[in-house]
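Engineer: coords please:
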Amino acid sequence: MADESPPLFPLWQPDRGEYQAICAHLGLTPKAQLYERLAAYLASAPFRLPRPEGFALSLAGLRRTRFRIARLDQATKLFLPSHPVRHALNGVIALHECDAEGEREMTAVPTGPAAPLAILAWLVGYLGRLALTVPWLGWRFLAYAAAPSSGASGALAERVLVTGVNRGLGKDLMLHCLERGAQVVATVRNAAAADEVRRWLPAAAPVTLLVADLAQPGALVDALEAEQIRPESLAIAILNAGTKHEGEPVLSLGPLRETFQVNFFSAAEFARWFCATTRDPAQSVPKRTLVLVSSMGRWHGMHFVGGYNASKAALSIWGESLDMELGRSPERSVSVTIVEPGIFESAMSDNVRVARILFASRRRVAARIVAAARAGKATIRPPFWFALVTWAACLAGRDFRYRLFKRGKPTEDRQ
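Structural biologist: Next up, the predicted model:
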């Protein structure tokens, strides 16, 4: 992984700062090459080790500071030997044992008259750490028990479709689902993007990777049927892939048609396939969720990206209409979740100066989308504060929006 790249699976892989905190706790010298090996080793952990659940999962999601690592070191030794933090600690120890400097640091022991004092100091230190760990662990458990739970954060032992996974939100959606135990059917636009995904995705990851250029009518359904994937096998389908032509006036019909095909019609084509069933009518159809990733831009026009905003408006309104129609069936098997995200880390919004300050965490947005789909929510707009700002701008009138949006930079991007 490059220096600037976050871990693929943060439940298991410490980032560089967390690795340094682990080394400080263990009295070791951090080394970049050992961190790379640790990250590569733990990248396959979600697919070969037991996944944490419940309270253990809540502990795994904590930022690993030096204080928390010291507490979790003791707690995982005593109660949670398969916890991700335990594997990270063991991995650091094993790698530094194979390093000459690390071995010297770990094998250095006092001799002579200093030895009994060192043993006494270790015992006092251990008891002191235990005295801190037990109440801290109790406090964390009380916080976990008091937190509202919908069950949406538990294991995801289902098959999930995610489109546009080679980067951006689609990549984080796929990684979040994999980290929580899902089997993923993932799509990318072309063979080059598929090769790129294969380079960074662990070989053990349960991913079926398909190539489908959504600018071509029927491409997504054709790719799924060619792989003999049936609608009933997908518990959740997240249609994330999208395109935005910036710098193109709305009267440029070629880019406008492609934008609507990718952002809207490909979703309608897939939904027609996804909502159909070939099962025996006497058999029950499993409940499934269709997730349509729209945009807060659907609430207003914008110069030189109007095609994108218009396509997302069509997607949101069409998705709501689909959910209404599906809801009239007494044997409804498909629900629709519409996601209208605001500003988050994305190449599509890199050109907006203010966005760099107000970015929401893309990984947090991905987690919220999956949780909303599992909980059956109709619409989410993360982060909600941005939705409020957008609605306020809409209420302020066109003249205000013209002045607000006129500084956009023309670029072109495609997820």
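
Engineer: CA only for contacts and neighbour counts going forward, please
Structural biologist: Fine.

Engineer: Show me which residues of stretch 136-149 are buried.
Structural biologist: Judged by neighbour count using 16 or more other Cα atoms under 10 Å, the buried positions of stretch 136-149 are 137, 141, 144.

Engineer: any idea which of those is the one closest to residue 82?
Structural biologist: Of all the buried residues of stretch 136-149, residue 82 sits closest to residue 137, with 16.9 Å by Cα to Cα.

Engineer: what about residue 162, is that helix, strand or coil?
Structural biologist: Classification of residue 162 by DSSP: H, G, I helix; E, B strand; the rest coil places it in strand.

Engineer: got a list of what it touches?
Structural biologist: Each residue near residue 162 by Cα atoms under 8 Å, 6 or more residues apart in numbering is listed here: 170, 173, 174, 184, 185, 186, 187, 237, 238, 239, 240.

Engineer: And it, how close does it get to residue 244?
Structural biologist: 19 Å (Cα to Cα, to the nearest Å).

Engineer: As CSV, could you dump the C-alpha coordinates of stretch 239-255?
Structural biologist: What follows is stretch 239-255, C-alpha atoms only, in CSV (Å, rounded to 0.1, in the frame of the first residue of the first chain):
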residue,chain,number,x,y,z
LEU,A,239,-26.2,0.8,-7.9
ASN,A,240,-23.4,3.2,-7.2
ALA,A,241,-21.7,3.7,-10.6
GLY,A,242,-22.3,7.0,-12.2
THR,A,243,-20.9,9.5,-14.7
LYS,A,244,-20.6,13.3,-14.7
HIS,A,245,-19.6,15.4,-17.7
GLU,A,246,-18.4,18.7,-16.3
GLY,A,247,-17.9,21.7,-18.7
GLU,A,248,-20.6,20.4,-21.1
PRO,A,249,-23.7,22.5,-21.6
VAL,A,250,-27.0,20.7,-21.2
LEU,A,251,-27.7,21.2,-24.9
SER,A,252,-24.8,18.8,-25.7
LEU,A,253,-27.0,15.8,-26.4
GLY,A,254,-24.3,13.2,-26.7
PRO,A,255,-23.0,13.6,-23.2
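
Engineer: May I see the buried residues of that stretch?
Structural biologist: Using 16+ other Cα under 10 Å as the test for burial, stretch 239-255 gives 239, 240, 241, 242, 243, 244, 245, 246, 248, 250, 255.

Engineer: thinking the last one is in contact with residue 246, fair?
Structural biologist: No. Residue 255 is not in contact with residue 246 according to Cα atoms under 8 Å; the separation is 9.7 Å.

Engineer: mind giving me the domain ranges of the protein?
Structural biologist: 16-146, 159-414 (automatic domain parsing).

Engineer: Just put those in TSV and tack on distance to residue 5 and mean pLDDT.
Structural biologist: Below are the domains of the chain laid out as TSV (distance: least, Cα to Cα, whole Å; pLDDT from 0 to 100):
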stretch	distance to residue 5	mean pLDDT
domain 16-146	10	92
domain 159-414	11	89
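
Engineer: circling back to that earlier point, which of the buried residues of stretch 239-255 sits closest to residue 382?
Structural biologist: Using Cα to Cα, residue 240 comes nearest to residue 382 of the buried residues of stretch 239-255, at 14.6 Å.

Engineer: gap between the two ends of stretch 213-228?
Structural biologist: End-to-end distance of stretch 213-228 (Cα to Cα): 18 Å.

Engineer: In the chain, which residue sits furthest out from the middle?
Structural biologist: Residue farthest from the centre of the chain, counting by Cα atoms, centre = their mean, is residue 113 at 54.5 Å.

Engineer: other SSEs contacting the helix or strand where residue 222 lies?
Structural biologist: Residue 222 belongs to helix 219-226 when elements are defined using DSSP states H and E. Taking 3 or more Cα pairs under 8 Å, 6 or more residues apart in numbering; DSSP states H and E as contact, the helices and strands that helix 219-226 lies on are strand 207-211, helix 266-274.

Engineer: Would you convert those into a markdown table that also reports distance to residue 300 and mean neighbour count?
Structural biologist: As requested, these are exported to a markdown table (distance: least, Cα to Cα, whole Å; neighbours: other Cα atoms under 10 Å):
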| stretch | distance to residue 300 | mean neighbour count |
| --- | --- | --- |
| strand 207-211 | 33 | 18 |
| helix 266-274 | 21 | 19 |
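
Engineer: count of neighbours near residue 73?
Structural biologist: 21 (other Cα atoms under 10 Å).

Engineer: about what we covered before: okay if I get the buried residues of stretch 239-255 as a markdown table plus secondary structure and distance to residue 208?
Structural biologist: Shown next, in a markdown table, are these (DSSP: H, G, I helix; E, B strand; the rest coil; distance: Cα to Cα, whole Å):
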| residue | secondary structure | distance to residue 208 |
| --- | --- | --- |
| 239 | strand | 16 |
| 240 | coil | 17 |
| 241 | coil | 17 |
| 242 | coil | 20 |
| 243 | strand | 23 |
| 244 | strand | 26 |
| 245 | strand | 29 |
| 246 | coil | 32 |
| 248 | coil | 35 |
| 250 | coil | 37 |
| 255 | helix | 30 |
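
Engineer: and those residues as CSV, adding distance to residue 69?
Structural biologist: Below are the buried residues of stretch 239-255 laid out as CSV (distance: Cα to Cα, whole Å):
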residue, distance to residue 69
239, 38
240, 36
241, 38
242, 40
243, 42
244, 43
245, 46
246, 46
248, 51
250, 54
255, 52
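
Engineer: Output the contacting helices and strands for whichever helix in the chain runs longest.
Structural biologist: Using DSSP state H, we find that the single longest helix of the chain is helix 114-146. Applying 3+ Cα pairs under 8 Å, 6+ apart, one finds that helix 114-146 makes contact with helix 54-60, helix 66-78.

Engineer: between the ones you listed, which gets nearest to residue 362?
Structural biologist: helix 54-60 (19.1 Å).

Engineer: what's in contact with the closest one?
Structural biologist: 11, 12, 52, 80, 83, 84, 85, 140, 141, 144, 154.

Engineer: Among these, which ones are in helices?
Structural biologist: Of the positions in the contacts of helix 54-60, 84, 85, 140, 141, 144 sit in helices, assigned by DSSP H.

Engineer: List the residues that contact the nearest residue to residue 76 once chain neighbours are set aside.
Structural biologist: Counting by Cα to Cα, 6 or more residues apart in numbering, residue 86 is the residue found nearest to residue 76 once chain neighbours are left out, at 6.0 Å. By Cα under 8 Å, 6+ apart, the contact list for residue 86 reads 72, 73, 76, 77, 80.
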